[in-house]
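K.L.:
Just a sequence and a predicted model for now, questions to come.
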Amino acid sequence: MDSPPARRIVCFGNSITEGAEFSPAQRWTTLLQQRLDEWRPKTWQVYRRGVGGHTSTQGLARFAADVRPLLPAIVLVEFGFNDANVYDWTASPRVALADYVANLREMHRLVVSNGECIFIINHSIGAIDGRQGNGQSYNDNFAPYEAALRELAAQLGAPSIDLPALMREVRADPARFLAEDGLHLCVEGNRLYAGLVFGALKPLLTGNLQKAI
């Protein structure tokens, strides 16, 4: 008898998800696949749908092409770092906070009609040097976006993978986790990231995610 088809996990996000600066074998999405294969071989198939530099607005625009054809699936949604960014020549973030929340709410609606949406709360970052166009630091500009995502997940009753909390639990050293820019992952960071995501995802996959699995 043929084995049932692998169940889909779609990693949907920005450069953190894409990992274009790394070889495929070094990317956290590949390492997550390896963890899943070791746990339950031929059960889960990871799809990487990240685009560097993308905001949640751009992600929503490509949802129909990048995610919808893969449903039903579990979709790990990871946006925010680019949304909060304020270019030097403007005083406004690339995506206003209210629009960011609306975009993620709509992604959740689109996924749960035929799958399960899990929000990834972005990993802790270092202190980013300099001031942005609105006179604030990047860290100060990003903080409300992280808080808004936590609040949205609670409102929707949506599962989330809280990377900052997980990093605190394992005492993850930022020097091992982050690239020199203080925001992106390094090679070792990809390995650690995959481990944290797998550890948080495993009980969800054995729990109540029935629509997608």
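P.N.:
Thanks, I have the structure now.

K.L.:
quick one, phi/psi of the residue nearest to the spatial centre of the chain?
P.N.:
Residue closest to the mean C-alpha point of the chain, counted by C-alpha atoms, centre = their mean, is E78 at 2.6 Å. Note on E78: backbone dihedrals following degrees, to the nearest 10 are phi -140, psi 100.

K.L.:
Next one: the residue lying closest to E78 once chain neighbours are set aside from T206, what distance?
P.N.:
Spatial nearest neighbour of E78, excluding adjacent residues (C-beta to C-beta, 6 or more residues apart in numbering): G13 at 3.4 Å. The way it works is simple: take the backbone N, C-alpha and C, and place the C-beta from them, glycine included. From G13 over to T206 the distance is 24 Å, taken as C-beta to C-beta, to the nearest Å.

K.L.:
how about the closest residue to A73 other than its chain neighbours, what does it touch?
P.N.:
Nearest residue to A73, sequence neighbours excluded (C-beta to C-beta, 6+ apart): R8, at 3.7 Å. Counting by C-beta atoms under 8 Å, 6 or more residues apart in numbering, R8 touches 44-45, 47, 70-74, 212.

K.L.:
change it to 6 Å
P.N.:
By C-beta atoms under 6 Å, 6 or more residues apart in numbering, R8 lies in contact with 45, 70, 73.

K.L.:
what about the protein, any weak spots by pLDDT?
P.N.:
1-4, 208-213 (pLDDT under 70).

K.L.:
quick check, F12 in a helix?
P.N.:
No. With DSSP: H, G, I helix; E, B strand; the rest coil as the criterion, F12 is strand rather than part of a helix.

K.L.:
burial measure for it, as a count.
P.N.:
Number of residues near F12 (other C-beta atoms under 10 Å) recorded here: 27.

K.L.:
Which strand residues bridge it?
P.N.:
R49, V77 (DSSP bridges).

K.L.:
where exactly do the strands run in this protein?
P.N.:
Secondary structure of the chain, counting by DSSP state E: strands at 7-13, 44-50, 73-78, 115-121, 160-162.

K.L.:
Most tightly packed of those strands?
P.N.:
strand 73-78 (a mean of 26; mean count of other C-beta atoms under 10 Å).
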